[in-house]
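> One predicted model, sequence on top.
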Amino acid sequence: MISATFLDTLKYLYFTRPYNTMKLGLFRIENLLSRMGNPHSGVKYFHVTGSNGKGSVTTFLEYLTYHHGHNVTGFYSPHLSTILERFHYNTQNISQEEFVEAAFEVKKHAEEMDKLGEEFSPSFFEYMTAMYFYITKKKNAEYGSVEVGLGGRFDSTNVIIPEISVICTVSLEHTNVLGNTVEQIAFEKAGIIKEKKPVVVGLMADSALEVIRQIAKQKNSKVYEYGKDFYVEPVQFSFNENVYDYYGDTTIKGIKVRLNGKHQLYNVGLALKAFEVTHRINEKAVKKAFEEAFIPGRFEMVNGVVLDGSHNPQAAEKFAENLDLYFPGKRRASVFGIVDDKDKEGVLKVIAPKFDLLIVTKPPSKRAEKVAETYEIAKRYNSNVILEPDYIKAVNLLKETDADVKFVTGSFYLVGYVRDYLLNGKISEELTIGGA
């Protein structure tokens, strides 16, 4: 049951702190936290950035910390079906009441800053970050597992001094903010490296890696590189029960991982290395952590439907790879919807041929008006395409098909709403606030 106070708090956040407004720089978050008594201090953090994989690595680190007997919070973005997914305590979402309390605490100080002018008014993400630190302090958490929102250097999470930083991958993304080359983007992400604090680095272009090495050298930070200092080998790929062997300072064989996809191999390695550098590892706890670690809507089966986002060509490639990996030779049907400012052609040419039936729909977003355009593009790559703009009707149509495996993919807006519908038979009032 959603409380009225929780909904009112969400309305305040979405309409007073515009959701998609980005503000670079750390002076606002530093000012806000200072007014709050610096709740981020006195906690040990894992700080994770990357073009891909940062959500999985942050999740794995949270579960590893929890299963090694520590109180830990997790901070994630964006959320899928509820804003509570952004704030974890010991691997679980916080409650509506805890969310409201944290929002109210931050509000007092944020509104004082609002009076100083637009430049000083905290953004939505800065507000979320301050709430996370308040929750962490309130819970007396010993550890925090923190996912960077965007980039690294000027991200509002970059006020922490972590035990260790992780840079998963570097590729061209958010070029209007982070730069037009992988070297520039690597520079921004390397901004989370702190003086004499180690950094774990994933596979990436040599030019990007060299930028990170140079910054780490300036900061006197030891660098641990995937493939050089540690690596992971796959043993078995099976839906929801993948098995890997880890080779670092310790060797751990037969690690079962619930999260699906070949790319998780690297994320498992990055998380384990970061944990290994800062902790004495318990093999039993490691195996329990990876077996339980979970992220909603990431190649997840919900009531007989597999949910996953394919919102850009890179994600589409991984999705298509997973189709062939986990469901070879199966008859597949999918609902697909994507917002208008994404590369529809780039996504559909990869995934549309993979389905025996594709049902094109409109994601629940103001940014998804051109569903007929999506339908026309889909028909170029699949001869069996149906247009059903109503996503609820599209899902019900999908359920009636005789396909062996059924999917919903494309926009995360679509995946989030459909997940809510499949679990509860209706769309939560929370999701309808403010629109997408």
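Now that the structure is in, tell me what you want to look at. Residues are numbered from 1 along each chain as shown.
> which non-adjacent residue is nearest T65?
Leaving aside its sequence neighbours, T65 sits nearest to V72 (CB to CB, 6 or more residues apart in numbering; 4.2 Å). C-betas here are computed from N, CA, C, even on glycine.
> Check that neighbour and give its pLDDT.
The predicted local confidence for V72 comes out at a pLDDT of 98.
> now N176
As summarised for this prediction, N176 has a pLDDT of 50.
> cool, and I193?
According to the model's per-residue confidence, I193 sits at a pLDDT of 97.
> which residues sit in contact with K273?
Taking CB atoms under 8 Å, 6 or more residues apart in numbering, we find K273 in contact with 200, 224, 226, 229-230, 248.
> Same list (those residues) but as a markdown table, adding neighbour count and pLDDT.
Shown next, in a markdown table, are these (neighbours: other CB atoms under 10 Å; pLDDT from 0 to 100):
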| residue | neighbour count | pLDDT |
| --- | --- | --- |
| V200 | 28 | 98 |
| Y224 | 20 | 98 |
| Y226 | 20 | 97 |
| D229 | 17 | 98 |
| F230 | 21 | 98 |
| G248 | 18 | 97 |
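> which one of these is nearest V360?
Nearest to V360 out of the contacts of K273 is Y226 (CB to CB; 38.2 Å).
> Excluding chain neighbours, what is closest to the closest one?
Across the structure, with CB to CB, 6+ apart as the measure, the residue nearest Y226 apart from its sequence neighbours is G202 (4.9 Å).
> so who does that neighbour touch?
50, 53, 166-169, 226, 266, 269-270.
> what do you get if the cut-off is 10 Å, keeping everything else the same?
By CB atoms under 10 Å, 6 or more residues apart in numbering, G202 lies in contact with 50-54, 57, 166-170, 209, 225-227, 266-267, 269-270, 273.
> got the phi/psi numbers for it?
phi -90, psi -170 (degrees, to the nearest 10).
> Please report the distance of it from I212.
Separation of G202 from I212 (CB to CB, to the nearest Å) stands at 10 Å.
> Now the longest helix along the chain: buried residues?
When every helix of the chain is counted residue by residue (DSSP state H), the longest turns out to be helix 96-114. Going by neighbour count (16 or more other CB atoms under 10 Å), the buried part of helix 96-114 is 96, 98-103, 105-107, 109-110, 113.
> hmm, back to that, which among the contacts of G202 count as buried?
Neighbour-count burial (16+ other CB under 10 Å) is assigned, among those, to 50-54, 57, 166-170, 209, 225-226, 266-267, 269-270, 273.
> what bridges to the residue nearest to T65?
The partner list for V72 in beta bridges (DSSP bridges) reads Y143.
> Now tabulate the contacts of K273 in CSV and tack on distance to F237 and secondary structure.
Shown next, in CSV, are the contacts of K273 (distance: CB to CB, whole Å; DSSP: H, G, I helix; E, B strand; the rest coil):
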residue, distance to F237, secondary structure
V200, 24, strand
Y224, 26, strand
Y226, 19, strand
D229, 25, coil
F230, 21, strand
G248, 21, coil
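> for these, which one is nearest K370?
The shortest approach to K370 among the contacts of K273 belongs to Y226, at 40.1 Å (CB to CB).
> Domain ranges for this protein, per the record?
Residue ranges for each domain of the chain read 4-292, 300-432, as given by automatic domain parsing.
> Rounded mean pLDDT for the one helix or strand L64 maps to, please.
Element membership of L64 [criterion: DSSP states H and E] is helix 54-67. Over the span of helix 54-67, the pLDDT mean works out to 97.
> before we move on, what about stretch 337-353?
The average of the pLDDT scores along stretch 337-353 is 92.
> quick one: it to chain centroid distance?
With CA atoms, centre = their mean, to the nearest Å as the basis, the distance from the averaged C-alpha position of stretch 337-353 to the chain average is 20 Å.
> repeat for stretch 134-150
Its chain's average C-alpha position is 16 Å from that of stretch 134-150, according to CA atoms, centre = their mean.
> Quick one: mean pLDDT over that stretch.
Rounded to a whole number, the mean pLDDT of stretch 134-150 is 96.
> Repeat that for stretch 286-298.
96.
> Can you get me the start-to-end distance on that stretch?
Taking CA to CA, to the nearest Å, stretch 286-298 runs 21 Å from one end to the other.
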